[in-house]
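Participant: How does the following fold in three dimensions:
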Amino acid sequence: VDTQIFYEATRALAGGDAMACLQCVDEIFSKGRDPSQFLTDWISHLRDALVTKALGTAGVELLEISPDRGKSLAEQAQSLRADQLTYFITQLSKLESQIKYSSQKRVLIEVGLLQLCHPEDDHTDEALRSRLELSGAIFHTTSDTEIIAYIITRERLRTPSIEEALSAAMDSLEGAYSLVLMSAQKLICARDPHGFRPLCYGRTPDGVYVVASEDCALRAAGAVFERDVEPGEILVFSEKGVISRREHCGEKPVKRCIFEYIYFARPDSVIDGVSVQGARVRAGEILAQQHPADADLVIGVPDSGLDAAVGFSRASGIPYGIGLIKNKYIGRTFISPGQSARTDQVQIKLNAVGESVCGRRVVLIDDSIVRGTTSSRIVRLLREAGAREIHMRISAPPFLHPCYYGTDIDSEEHLIASKHSVEETARLLGADSLGYLPLSALPALVGGIGYCSACFDGDYPTAVPSDTRKDRFEQKLSERKNEVQYGACD
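Facilitator: Numbers count the residues shown, from 1 in each chain. The predicted structure follows:
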């Protein structure tokens, strides 16, 4: 029995089929053998084969574990180059420290030939992780990506292909995710059934397929946009071309993240047929109609407030100008991990252009106010530069609720708008007036397509996690708050 599995596992590894290796090793359990001993034996035989090849001998008998399979094993070993055997040994040595046992005596081996790309902070269902852990899964990080990779790998042990495994895994996943997987032979991508996050693909002139969240990335890679991946769709790219699997399409109402159009996405992107720049310009125009201001100059906060400022200027007739300069080496401050870090970054992120704002009444356009850290600092910068009046206009409704789908807002206590009225917020920020985009204006930004605005209105399309603390998975399972005792996943 071991001889056959040795042979099949070696052949699978030679062909780059990592999942076939998993199935071979998993089969050891059904034969009553310890998989760690199996791997030790396997590595030992391959090392011996490498030594004999390096010595130029015909010692491929080292792989001949039994007479009935000896010839096939010898032929297999003889066809392998020394560098291939070296590769095998390198891969197998990694396996020795990566075996994970579960309470059900199953084994997971991370061969390293399956790669997964997934945006973090999407708050995968805490109950799902708990069920997996209680059924024997061992996680080394608090990453959602590790949970998804585990489920896909587990399903692969039961299914004939990676795409089948991914489809089965999607039955367990809830929330926002866009995934890209790579094996030795395939590129696979998937978008969650709600379509929270964008995903698209294109093709280069020489026929290479490229998958990205936004079409602007395709152009940067020299690819021509083909189309958006539909919510719930799985695309498989291989030497056979592109195969679309749609078994999860239409399962759930489409809820594209409205904040992609307001803030996250680059302005030169088109997401699901809607121009991001166009959406932001429309937001500025609506702001000018709903919250006019008597002012001399309209300025935007770089970068996502600039297009809305152009729209406000066009609709109001107030000249548009450059009032703030952004340090290009500082990222988004509202997602920084602590208040001190956010304050430090804001202080060096922006500078006011005194020549533009000094002595003038300024309309300041920004995309959103979360905690107020950045906004209060910007208002102070403009005051110090000599602005006479500052009328702040926000191209999004007030942030009133946490987001569980990728925006790093985990509690209402961190949201200034959830604790203060518009007038109070303006006073806290130091602005002369404050106006938000009305909630009713959101459909006008995206042309009526289905969208999620739960961070503004609290209407969540999925179940809300009971514990959203960032360190919730750093405690022992028995010590977690609100923990429910589940049975095995299977």
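Participant: what ranges do the strands span in the stretch 51-200 of the chain?
Facilitator: 100-101, 107-108, 115-117, 178-182, 187-191, 200-203 (DSSP state E, counting those that start in this stretch).
Participant: tell me the most buried of the ones you listed?
Facilitator: strand 187-191 (a mean of 24; mean count of other CB atoms under 10 Å). All C-beta spots, glycine's among them, are computed from the backbone N, C-alpha and C.
Participant: contacting residues for the closest residue to residue 439 other than its chain neighbours?
Facilitator: Among residues not flanking residue 439 along the chain, residue 397 sits closest, at 4.6 Å (CB to CB, 6 or more residues apart in numbering). Contacts for residue 397 (CB atoms under 8 Å, 6 or more residues apart in numbering) come out as 436, 437, 438, 439, 442, 453, 456, 457.
Participant: Can you say which of the strands of the stretch 51-200 of the chain is nearest to residue 314?
Facilitator: strand 200-203 (29.4 Å; CB to CB).
Participant: closest one to residue 412 among the strands of the stretch 51-200 of the chain?
Facilitator: With CB to CB as the measure, strand 178-182 is the member of the strands of the stretch 51-200 of the chain nearest residue 412 (26.7 Å).
Participant: Adjacent strands (with direction) for that closest one?
Facilitator: Under the criterion DSSP bridges, strand 178-182 sits next to strand 115-117 (antiparallel), strand 187-191 (antiparallel) in its sheet.
Participant: just to revisit the earlier point, Serialize the strands of the stretch 51-200 of the chain to TSV and add fields for mean pLDDT.
Facilitator: Formatted as TSV, the strands of the stretch 51-200 of the chain follow (pLDDT from 0 to 100):
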stretch	mean pLDDT
strand 100-101	33
strand 107-108	32
strand 115-117	72
strand 178-182	91
strand 187-191	96
strand 200-203	97
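Participant: returning to that earlier point: please report how far the residue nearest to residue 439 lies from residue 291.
Facilitator: 12 Å (CB to CB, to the nearest Å).
Participant: for residue 451, same thing?
Facilitator: According to CB to CB, residue 451 and residue 291 sit 22 Å apart.
Participant: just for the protein, where's the confidence low?
Facilitator: 1-115, 118-125, 329-347, 410, 467-490 (pLDDT under 70).
Participant: sorry, back to before: I'd like the strands of the stretch 51-200 of the chain as JSON lines, with distance to residue 349 appended.
Facilitator: Compiled in JSON lines, the strands of the stretch 51-200 of the chain are given as follows (distance: least, CB to CB, whole Å):
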{"stretch": "strand 100-101", "distance to residue 349": "42"}
{"stretch": "strand 107-108", "distance to residue 349": "43"}
{"stretch": "strand 115-117", "distance to residue 349": "28"}
{"stretch": "strand 178-182", "distance to residue 349": "28"}
{"stretch": "strand 187-191", "distance to residue 349": "32"}
{"stretch": "strand 200-203", "distance to residue 349": "30"}
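Participant: Quick one: closest of the ones you listed to residue 356.
Facilitator: Nearest of these (CB to CB): strand 200-203, 37.6 Å.
Participant: Run through the neighbouring helices and strands of the closest one.
Facilitator: strand 209-212, helix 215-220, strand 224-228 (3 or more CB pairs under 8 Å, 6 or more residues apart in numbering; DSSP states H and E).
Participant: Many thanks, we can stop here.
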